[in-house]
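J.: 3D, please:
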Amino acid sequence: MVTVADVRAVALTLPRTHEALVRGRIKFRVGQIVYAAFSRDETLMGFGFPKEEREWLVGTEPEKFMLPRPSDMRFNWVVVRLARIDEAEMRGLVVDAWAMVVPKRVSAPYREHDG
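T.: A predicted model of the protein is given here:
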């Protein structure tokens, strides 16, 4: 199972990222933009993901992914069950979410390396 420590080990290597604790929940941000956040029990991770693709993602692997709560549907956001992914998949999700909130010139070396 992927843990907060596993995600932290990836996220804090990404330029401009910082970790925040907001109302008991760990979040990873670039500036004020959150690109990954954990449920209080740390079993779920919400992450940045294109709105237009999330129905497809959840529909193809509903045991792994779920839609965000109704109040977060307006955001580019989806949720993953950490027990259902491995470290390689987590790394891809975190890097892609981070790449949505930084300039392309900042994310390009990471996307090329991972892709």
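
J.: pLDDT on the helix or strand where Ala88 lies, on average?
T.: Assessed by DSSP states H and E, Ala88 sits inside helix 87-99. Helix 87-99 shows a mean pLDDT of 97.

J.: Not counting its own residues, what contacts the lowest-mean-pLDDT helix or strand in the chain?
T.: Lowest on mean pLDDT, DSSP states H and E among the helices and strands of the chain sits helix 104-114, with a mean of 80. Residues lying outside helix 104-114 but in contact with it, judged by CB atoms under 8 Å, 6 or more residues apart in numbering, are Leu14, Pro15, Arg16, Arg91, Gly92, Val95, Asp96, Trp98, Ala99. In this view, the C-beta of every residue, glycine as well, is placed from N, C-alpha and C.

J.: Report the separation between the residue nearest to the first one when sequence neighbours are not counted and Gln32.
T.: Just to be clear, that refers to Leu14. The spatially closest residue to Leu14, leaving aside those adjacent along the chain, is Trp98, at 4.9 Å (CB to CB, 6 or more residues apart in numbering). Using CB to CB, to the nearest Å, we find Trp98 at a distance of 14 Å from Gln32.

J.: Which of the two has more residues huddled nearby?
T.: Trp98 (27 against 7; other CB atoms under 10 Å).

J.: on that earlier part again, so among the contacts of helix 104-114, which ones count as buried?
T.: Neighbour counting over the contacts of helix 104-114 (16 or more other CB atoms under 10 Å) leaves Leu14, Arg91, Val95, Asp96, Trp98, Ala99 as the buried ones.

J.: What helix or strand is the first one located in?
T.: Yep, that's Leu14 we're talking about. Using DSSP H and E, Leu14 sits in no helix or strand.

J.: Verify the contact between it and Arg91 for me.
T.: No. Counting by CB atoms under 8 Å, Leu14 stays clear of Arg91, with 10.5 Å between them.

J.: From the contact counts, what lies against the helix holding Ala88?
T.: With contacts taken as 3 or more CB pairs under 8 Å, 6 or more residues apart in numbering; DSSP states H and E, helix 87-99 sits against helix 4-11, strand 25-30, strand 33-38, strand 44-48, helix 104-114.
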